[in-house]
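**Student:** pasting the sequence and the predicted model now:
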Amino acid sequence: MTATLLVRHTVDSYDDWKHVFDGHEANRRQHGATGHRVLHDGNQVTVLIDFPDRVSAEGFASDSALPKVMSEGGVTGAPDIAYLESSEQLNY
């Protein structure tokens, strides 16, 4: 069953954060990420990263490089993180 890592945080600058986020793609893929969605309202950012399973999502979230990357991206405060399992998707 697929898993989605949901991360919500505030950033100093969305554009600066997005540049750092894009530069971290190879690391996400190394952990098995299969895609992502980024949503934001000003500097409030929500990221949904898809993985083949929860173990892969947890591996990415606990990667020792992540705190440095988040700092470089201007993340302020601790992120809100959740692991979600896919139960339904409907596209119109």
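**Tutor:** Structure received.
**Student:** make it CA atoms for all contacts and neighbour counts henceforth
**Tutor:** Fine.
**Student:** who are the packing partners of the strand of greatest length in the chain?
**Tutor:** Secondary structure of the chain read by DSSP state E shows that its longest strand is strand 75-85. Contacts defined by 3 or more CA pairs under 8 Å, 6 or more residues apart in numbering; DSSP states H and E place strand 75-85 against strand 3-11, helix 54-61.
**Student:** list the buried residues in the shortest one.
**Tutor:** This means helix 54-61. By neighbour count on 16 or more other CA atoms under 10 Å, the buried set for helix 54-61 is 54, 56-58, 60-61.
**Student:** stretch 60-73 too?
**Tutor:** 60-61, 69-70, 73.
**Student:** contacts only, for residue 13.
**Tutor:** 43, 74 (CA atoms under 8 Å, 6 or more residues apart in numbering).
**Student:** meant to ask about residue 23
**Tutor:** Counting by CA under 8 Å, 6+ apart, residue 23 has no contacts.
**Student:** need the CA coordinates for the host helix or strand of residue 26. CSV is fine.
**Tutor:** Per DSSP states H and E: residue 26 is located in helix 25-30. Output in CSV follows, covering the C-alpha atoms of helix 25-30 (Å, rounded to 0.1, in the frame of the first residue of the first chain):
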residue,chain,number,x,y,z
GLU,A,25,14.9,15.8,-5.3
ALA,A,26,17.7,13.2,-5.7
ASN,A,27,17.6,12.5,-1.9
ARG,A,28,13.8,12.0,-2.0
ARG,A,29,14.2,9.6,-4.9
GLN,A,30,16.9,7.7,-3.1
